[in-house]
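S.K.: Sequence and predicted model, in that order:
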Amino acid sequence: MKRIGMLTSGGDCQALNAAMRGVVKTLVHAEEEVEIYGFLDGYKGLIYGDYRMLSGKDFSGILTKGGTILGTSRTPFKTIKEPDENGLDKVEAMKHNYYKLNLDCLVILGGNGTHKTANLLREEGLNVVTLPKTIDNDLYGTDMTFGFQSAVDIATNAIDCIHTTAASHSRVFIVEVMGHKVGWLTLNAGMASGADIILIPEIPYDLDEIIAAIERRKKNSHFTIIAVAEGAISKEDAKLSKKEYAKKLKDSPYPSVSYELAAQIAEKTGQEVRVTVPGHTQRGGSPCPYDRVFASRLGSEAANLILKGEYGFMVGYKDREIVKVPLEEVAGKLKSVSPDARIVQEAKMMGICFGDGYLAKEEAPKAAKEKEKSSKDGKEKSSKDKGKKG
Ligand code: F6P
């Protein structure tokens, strides 16, 4: 008999239900008697003892359903150790409810903040297994999070739709893509939809480079599509301290970086510029088939860990394998796009502008050769290193 508490925390995303279904179906199929306590609205439910008893039936028919049947909320890690407005110690309250219900473990689905709290609960002695969700794909320890591919589909579709209208009007179109502090979603949706310029937080942009790219395009066509990550930042702003940048954003007359960029481009090029923000549509709706399969697999592997009594892990995905990653290795770390990543170089070789310098046609083959050489050198070095260890 297993008594399992389950919760979804942080921003929702597609395939949260599919992942929970994967956990429960696997446990039930193993003929293990299971009691499931579904905590409502994230850690809040665990703190205040707000839960629903669930059975296998509750997880039927939810594979394709977006959102989360448990509800979710953000419970910031930075205030988790502070008492609530009534003086309640939140960490102690979570432990109290865990022990009161005599739980064997908690299954926690969430992103970065959620994993910090999950790791804290592990340190406090609770049995925890986690699953990596977020459309941002910024969770350390896993190559992929569920929700990400579904969001890539939606953002891609948004940019695809913009393409025809941008071409008809010869306009510059900026599509602002979610992703918080990282550019995975923008990079992938931008490439999938043939954006001409892709701006991500990891590669601060130079306005003059963007203007030059728009002018270059005018030789062949009069429209330009720019995929801008919500966290994109200019080279000048990247030099500011965190505090100075926060103040700049607060005082800015623009609702986001895209609108500031639009005003600057319109002024410098004289072209009409429009901004589209798909926003939370990127987190909504049914999970794409990839995410349904991926989340089900992760859920099933989480159940396997529970059946074996192995706790303190996130079930992740590394080098095309499902793996268990110790929570202490995940918590508090961000996985961002490396400006040197192969995918970024490939995009540049195709002529996509990242706002950090133009890779001229004649330089592309040279860059490809250099890249090949450096990865060969890297491989040779690592096989020599392996040889040494062996
Ligand atoms: O982490 C997912 C995410 O959608 C980010 O891409 C975005 O910055 C943020 O959440 C939006 O948060 P909220 O739903 O609280 O507005």
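M.R.: Thanks, I have the structure now.

S.K.: When you work out contacts or count neighbours from here on, use the C-alpha atoms and nothing else.
M.R.: Noted.

S.K.: Give the rounded mean pLDDT of stretch 251-269.
M.R.: Mean pLDDT, computed over stretch 251-269, is 97.

S.K.: Whether that stretch contacts the ligand - can you check?
M.R.: No: Stretch 251-269 stays clear of the ligand (Cα under 6 Å from any ligand atom), getting no nearer than 11.7 Å.

S.K.: Can you report how many residues lie near residue 149?
M.R.: By the criterion of other Cα atoms under 10 Å, residue 149 has 25 neighbours.

S.K.: Give the helix, strand or coil label for it.
M.R.: Put simply, residue 149 is helix when judged by DSSP: H, G, I helix; E, B strand; the rest coil.

S.K.: Quick one: residues contacting it.
M.R.: Residues counted as contacts of residue 149 (Cα atoms under 8 Å, 6 or more residues apart in numbering) are 135, 288, 290-291.

S.K.: and what of residue 61?
M.R.: Contacts for residue 61 were tallied using Cα under 8 Å, 6+ apart; there are none.

S.K.: what's the answer for residue 161, then?
M.R.: Counting by Cα under 8 Å, 6+ apart, residue 161 makes contact with nothing.

S.K.: mean confidence score for the strand or helix carrying it?
M.R.: Assigned by DSSP states H and E, residue 161 falls within helix 148-169. Averaged across helix 148-169, pLDDT comes to 96.

S.K.: Can you tell me which residues in the stretch 101-250 of the chain are near the ligand?
M.R.: Contact residues (Cα under 6 Å from any ligand atom) of the stretch 101-250 of the chain with the ligand: 134-136, 178-180.

S.K.: picking that back up, okay, and which of the contacts of residue 149 map to helices?
M.R.: Counting by DSSP state H, the contacts of residue 149 place 290-291 in helices.

S.K.: Same list (the contacts of residue 149) but as a markdown table, adding neighbour count and distance to residue 220.
M.R.: Formatted as a markdown table, those follow (neighbours: other Cα atoms under 10 Å; distance: Cα to Cα, whole Å):
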| residue | neighbour count | distance to residue 220 |
| --- | --- | --- |
| 135 | 26 | 35 |
| 288 | 22 | 35 |
| 290 | 15 | 37 |
| 291 | 24 | 38 |
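
S.K.: Could you single out the nearest of the contacts of residue 149 to the ligand?
M.R.: residue 135 (5.7 Å; Cα to the nearest ligand atom).

S.K.: Quick check: phi and psi on that closest one?
M.R.: Per-residue torsions, residue 135: phi -70, psi -20 (degrees, to the nearest 10).

S.K.: what does residue 326 give?
M.R.: Per-residue torsions, residue 326: phi -60, psi 140 (degrees, to the nearest 10).

S.K.: tell me the contacts of it?
M.R.: Contacts of residue 326 (Cα under 8 Å, 6+ apart): 312-314.
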